[in-house]
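> Sequence and predicted structure are below.
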Amino acid sequence: MISEGAFRPKDGVDGVEWINQWFDIQHNYPMIKAQVWFYIHDADYNCLLQEPYQSLYRNRIADDYFLRQTHTGILDYNGDHAADFADFAAFSENFQTTNPQSPGDVNGDNTVNLDDLSILAEFWLQ
């Protein structure tokens, strides 16, 4: 089974709860073997461009269960929908830091290091 999801901020909907529930699907419904996040490119509706949703999503997607792609925003620090020189500059500024909120900690180990650079290189210019 495959689950598809996305979140669009609306009045009366707890977005943090909704995103957490979606990421917990694989634990609550073991028959679901794949999850797809429908990425909304329209900035007015894309919750991943807003806080606290962006930080929550980046934190949850870092789980090894999920595939990480540039579409998720983890590697796209400036929001131009590509892993490019601007994103590498942001990554470089944080290289060898241990702040868990630092752009560049792609794999969620709380350190911006060569492991993260390897992932950035994998999706370079996509």
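Structure received. Numbers count the residues shown, from 1 in each chain.
> Please state the offset of the helix or strand bottoming out on mean pLDDT in the chain from the chain centre?
Ranked by mean pLDDT, DSSP states H and E, the weakest helix or strand in the chain is strand 34-37, scoring a mean of 76. Chain-centre distance of strand 34-37: 13 Å, with C-alpha atoms, centre = their mean, to the nearest Å.
> partners of that strand in the sheet?
strand 2-5 (parallel) (DSSP bridges).
> before we move on, the earlier item: name the residues of the least confident helix or strand of the chain that are buried.
For strand 34-37, the neighbour count (16 or more other C-beta atoms under 10 Å) marks 35, 37 as buried. Where you see a C-beta, it was placed from the backbone N, CA and C, and this is true even at glycine.
> next one: stretch 3-12
By neighbour count with 16+ other C-beta under 10 Å, stretch 3-12 contains the buried residues 6-7.
> what does stretch 16-27 give?
Using 16+ other C-beta under 10 Å as the test for burial, stretch 16-27 gives 18-19, 22-23, 26.
> How about the contacts made by the residue nearest to residue 50 when sequence neighbours are not counted?
Using C-beta to C-beta, 6 or more residues apart in numbering and skipping residues adjacent in sequence, the residue nearest residue 50 is residue 9, 6.8 Å away. By C-beta atoms under 8 Å, 6 or more residues apart in numbering, the contact list for residue 9 reads 15, 45, 47, 50, 53.
> buried subset of those residues?
Buried subset of these (neighbour count, 16+ other C-beta under 10 Å): 15, 47, 53.
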